[in-house]
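Asks: Predicted model and sequence below, questions to follow.
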Amino acid sequence: MFYREAGDFKVSYADDSQTFPIKFDRYRYYVVLAVAFGIIPFLINDYWANAILLPFLIYSIAAIGLNILVGYCGQVSLGTGGFMAVGAYACYKLMTAFPEVSMFIHVVLAGGITAGVCVLFGLPSLRIKGFYLAVATLAAQFFLVWLFNRVPWFYNYSASGQINAPERDTFGILITGPNAPAWATYLFCLIFLTVCALVARNLTRGTVGRSWMAIRDMDIAAEIIGVNPLKAKLTAFAVSGFFIGISGALFFAVYLGAVEVGEAFGISKSFLVLFMVIIGGLGSIFGSFAGAAFLVLLPVILKVVGVDLLNWPTDIVAHFQLVIVGALIIVFLIAEPHGMAQLWRVAKEKLRLWPFPH
Amino acid sequence: MKKTLTTLALGAAMAAGPAMADLVFPDLSYRTGPYAAGGIPFSDGYNDYFTLLNERDGGIGGVPAKVIECETGYNTEKGVECYESTKGQGALIYQPLSTGITYQLIPKVTADNIPLHTMGYGRTSAANGEVFSHVFNYPANYWNGASGVVNYLLESNGGDISGKKIALVYHNSAYGKEPIRTLEELSKKHGFELIALPVDHPGQEQKSQWLQIRRERPDNVVMWGWGVMNQVAIQEAANIRFPMENFIGVWWSGAEHDVMPAGDKADGYKAVTFHNVGRDFPVFDDIQKYVVDAGKAAGAGDQVGNVLYNRGMYAAMLAAEAAKTAQEIHGTADITAAMMRDGMEALVIDEAKMEALGMPNFGPTFNVSCDNHGGPGLVGVTQWDAESKTWSLISDFKPSDTEVIGKLIEEDSGAYAAENNIEPRCN
């Protein structure tokens, strides 16, 4: 039907190895981009921006970051919350120290700082792996949160230990603070997400990504065929940390505007992003989007259906939400361990053969 | 065709125009999560008072009040979602009962022109109305609480606590850290030694803190806890046989569910407060008659008269009184959030008004003004009697050290104003 490859000939290697080799897929991708950049900014309001789109965009960046580490390089990490906190606090310190610098630069620098910290905590990965590495990164999570709570310099000695994003702009358009227009915050995050996804996709297609996947699939064999494990693992930690740092900076500065480290970047955040990656699909960029959308939208949808439409008590809906999300995670892990990305892939396969399956 | 167009245009105009039917009071409650024990009675009290006004008086100034409940789970992200989803429905005032969510909402409500009332919590320096135009924290704030505790200790020690050791067990979050600065200042002024012991969220794990208390042997322990942390702390204090009379909590650490688990051992535990306890007030008869017996109580309906239920009801009463004041100022019953803000700024709570509401001596009397959004900060002390399972007020509502607090408020709000380029108003 839609997914016909008939007549879609490739005459060069470049054509053959592009991200979306099927014409329909490619056009759909352009349409999605056009809608996201050209239509949504004109329709957006505060509710859509702050309750749905911003968290989706920001968690997508975090999920892409974690997916590179866990899905592509096979290094299990439970330190995502802590690394997001590094991004947030780095961004805060930069924003208050250099108020006249554009937000774009602050966010990128915050990502860079997080990349450095992430590499530091990735060093043990050269010796340990699997569960042991998970525990080492878990230590990073607790250490970083403790550090930001303990040292007043990080929160500029404020009485409450909270950090607040002051009003900052980029090209004269307010990006942070309560007066920032919804479309500007949305576009700002969207640009970061688009660039991150493009970079991630292309990295994973090239030499670097292949060496990550070689390490993931069998590290000893990879070493024998000439992959440098030190370089592969630490680049994975660096790239992953960069994306997670960006998401942390956006999470604090653009989305929430004020953050309390233990509450916003606690261990539950690490698990949330890990669940996004697992449900969405390990080792897939699309999976990161799908997982983020799933876990951001599902609670909102359940709330709208339960409270607004069915008029149930709010606490019962909140409890149901936990039950449903938990059950769905179990169902997914049993029925489709490769996540929603694999479901999508299978659906596409079926559509391409339809109506004449083998 | 022409007729259809006119009808369409008319319909559109009617849909777009303000359809003000009710006075909307969103309730960002939390009935789930580690802090639900405090969230449930507060939300029940808040809801029940508005139900009472609707059932007994036909609303506020003839307009029915409508409470939209939204579950936050004490989580700031969900709090933001709740705020965004309810603000478009004509929300008049927000009372999130969470310091974390308050910090999120302070800049947002100021931009959206909706008042925020954080009674006894939130950002203390918001008491400075010159800087925080839309944030109110009357009748008392954290620093009044800290000063109230120290004043009480001064009083019970004959006016001299120099050389005494006071330990502060606090929730390691923005909420718990708030009193530290004030207590440090007061320790300089009165010459006592302060030991600060943080407890991490949610607060079940406090063994090491209490070991330290056992080693240091402080004369008094002050607690800044919330949720499960309170129960554990009181149990731990009982375990190390710390004398309960010397253990005093802030108002968020002094409800029935905090002391019940420790049983008889909790007898004599104290907490400061800014409103009265128990249900010996005429308003409770009305609540029983119009709300509980009519089957319209919020939640399970079993919280009436508990400390936090009273606080929720008190919060609702202050909101309703501010709404009435706003209706008088602007001469309309259908008030907007901006009018509500004016009403809060002109709010006067005197004894005659409290009497008329069936709440004589339920809370301190106070006036709100443009530059003082925090009220006078009068603080009383309550004590738990384990045998009769009741809290009782053991001291009047007394003034706190405004000299120290005023300076700190000036300093902190000044820093906020400088950071955000806010021009002081009220001139």
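Replies: Structure's in. What do you need? Residues are numbered from 1 along each chain as shown, chains lettered A, B, ... in the order given.

Asks: OK, contacts around the closest residue to chain B within the stretch 201-350 of chain A?
Replies: Residue of the stretch 201-350 of chain A nearest chain B, by C-beta to the nearest C-beta: A:Asp315 (3.4 Å). Quick note: C-beta positions are derived from backbone N, CA and C, even for glycine. The neighbourhood of A:Asp315, defined by C-beta atoms under 8 Å, 6 or more residues apart in numbering or on different chains, consists of B:Arg31, B:Thr32, B:Ala36, B:Ile40, B:Glu71.

Asks: please redo it, this time with the cut-off set to 10 Å
Replies: Residues near A:Asp315 by C-beta atoms under 10 Å, 6 or more residues apart in numbering or on different chains: B:29-33, B:36, B:39-40, B:43, B:69, B:71, B:73, B:299.

Asks: Just give the closest residue to the residue nearest the centre of chain B, not the sequence neighbours.
Replies: The centroid of chain B falls nearest to B:Met119 when counting by C-alpha atoms, centre = their mean (3.1 Å). Nearest non-adjacent residue to B:Met119, counting by C-beta to C-beta, 6 or more residues apart in numbering or on different chains: B:Ala315, 5.4 Å away.

Asks: May I have the residues that are in contact with the one you found?
Replies: Counting by C-beta under 10 Å, 6+ apart, B:Ala315 makes contact with B:25, B:27, B:42, B:45-46, B:49, B:93, B:95, B:97, B:117-120, B:275.

Asks: would you list those in JSON lines and tack on secondary structure, distance to B:Ser147 and pLDDT?
Replies: Shown next, in JSON lines, are those (DSSP: H, G, I helix; E, B strand; the rest coil; distance: C-beta to C-beta, whole Å; pLDDT from 0 to 100):
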{"residue": "B:Phe25", "secondary structure": "strand", "distance to B:Ser147": "31", "pLDDT": "94"}
{"residue": "B:Asp27", "secondary structure": "strand", "distance to B:Ser147": "30", "pLDDT": "93"}
{"residue": "B:Phe42", "secondary structure": "helix", "distance to B:Ser147": "24", "pLDDT": "94"}
{"residue": "B:Gly45", "secondary structure": "helix", "distance to B:Ser147": "26", "pLDDT": "94"}
{"residue": "B:Tyr46", "secondary structure": "helix", "distance to B:Ser147": "27", "pLDDT": "94"}
{"residue": "B:Tyr49", "secondary structure": "helix", "distance to B:Ser147": "29", "pLDDT": "94"}
{"residue": "B:Ile93", "secondary structure": "coil", "distance to B:Ser147": "27", "pLDDT": "94"}
{"residue": "B:Gln95", "secondary structure": "coil", "distance to B:Ser147": "24", "pLDDT": "93"}
{"residue": "B:Leu97", "secondary structure": "coil", "distance to B:Ser147": "22", "pLDDT": "90"}
{"residue": "B:His117", "secondary structure": "strand", "distance to B:Ser147": "21", "pLDDT": "93"}
{"residue": "B:Thr118", "secondary structure": "coil", "distance to B:Ser147": "18", "pLDDT": "92"}
{"residue": "B:Met119", "secondary structure": "coil", "distance to B:Ser147": "17", "pLDDT": "90"}
{"residue": "B:Gly120", "secondary structure": "coil", "distance to B:Ser147": "13", "pLDDT": "88"}
{"residue": "B:His275", "secondary structure": "coil", "distance to B:Ser147": "17", "pLDDT": "92"}
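
Asks: Looking at the residues you listed, spot the one nearest chain A.
Replies: Looking across these and measuring by C-beta to the nearest C-beta, the closest to chain A is B:Asp27, at 9.0 Å.

Asks: Do the helix or strand containing B:Gly406 and chain A come into contact?
Replies: B:Gly406 is part of helix B:402-420, with elements assigned from DSSP states H and E. Yes: Helix B:402-420 lies within reach of chain A by C-beta under 10 Å from any C-beta of the partner chain, at B:Leu408, B:Glu411, B:Asp412, B:Ala415, B:Tyr416, B:Ala418, B:Glu419, B:Asn420.

Asks: The second one and B:Trp143 touch, don't they?
Replies: No: with the criterion set as C-beta atoms under 10 Å, B:Glu411 and B:Trp143 do not qualify as a contacting pair; they are 11.5 Å apart.

Asks: before we move on, the earlier item: ok, and which of the contacts of A:Asp315 reach chain A?
Replies: Counting by C-beta under 10 Å from any C-beta, the members of the contacts of A:Asp315 near chain A are B:29-33, B:36, B:39-40, B:43, B:69, B:71, B:73, B:299.

Asks: In strands, which of the residues you listed appear?
Replies: Of the positions in the ones next to chain A among the contacts of A:Asp315, B:Ser29, B:Glu69, B:Glu71 sit in strands, assigned by DSSP state E.

Asks: residue contacts, the first one?
Replies: This means B:Ser29. Counted by C-beta under 10 Å, 6+ apart, B:Ser29 has contacts A:314-315, B:36, B:39-40, B:42-44, B:46-47, B:67, B:69-74, B:82, B:95-97, B:298-299, B:312.

Asks: cool, the second one as well?
Replies: Applying C-beta under 10 Å, 6+ apart, one finds that B:Glu69 lies in contact with A:307, A:313-315, B:25-29, B:31, B:43, B:46-47, B:82, B:86, B:298.

Asks: Out of those residues, which comes closest to A:Ala36?
Replies: B:Cys82 (26.2 Å; C-beta to C-beta).

Asks: Could you report the distance from that closest one to A:Pro299?
Replies: B:Cys82 is 12 Å from A:Pro299, where distance means C-beta to C-beta, to the nearest Å.

Asks: neighbour count winner among these two?
Replies: For B:Cys82 and A:Pro299, the more surrounded residue by other C-beta atoms under 10 Å in any protein chain shown is B:Cys82, and the numbers stand at 28 against 18.

Asks: didn't A:Gly226 look like it was pressed against A:Thr207?
Replies: No: the pair A:Gly226 / A:Thr207 is not scored as a contact, 11.4 Å apart, by C-beta under 10 Å.

Asks: where do the helices sit along chain B?
Replies: Along chain B, counting by DSSP state H, helices occupy B:2-16, B:36-52, B:76-87, B:99-112, B:142-156, B:174-190, B:207-216, B:228-239, B:256-259, B:282-286, B:307-330, B:337-345, B:351-356, B:402-420.

Asks: tally of neighbours for B:Met244?
Replies: By other C-beta under 10 Å, 22 other residues sit near B:Met244.

Asks: Which pLDDT value goes with the nearest residue to it once chain neighbours are set aside?
Replies: Spatial nearest neighbour of B:Met244, chain neighbours left out: B:Gly268 (3.9 Å); criterion: C-beta to C-beta, 6+ apart. Here, the pLDDT recorded for B:Gly268 equals 92.

Asks: Leaving out chain neighbours, which residue sits closest to residue 230?
Replies: By default, I'm working from chain A. Closest residue to A:Leu230 apart from its sequence neighbours, by C-beta to C-beta, 6+ apart: A:Leu126 at 6.0 Å.

Asks: let's do chain B instead
Replies: B:Asp258 (3.8 Å).

Asks: repeat for A:Lys303
Replies: Once chain neighbours are set aside, the closest to A:Lys303 by C-beta to C-beta, 6+ apart is A:Val317, at 6.2 Å.

Asks: which secondary structure element contains the one you found?
Replies: Per DSSP H and E: helix A:314-335 holds A:Val317.

Asks: ok, so what distance separates whichever residue of the stretch 251-400 of chain B sits closest to chain A from B:Leu308?
Replies: Going by C-beta to the nearest C-beta, chain A is nearest to B:Gly299 of the stretch 251-400 of chain B, at 8.0 Å. With the distance defined as C-beta to C-beta, B:Gly299 ends up 12 Å from B:Leu308.
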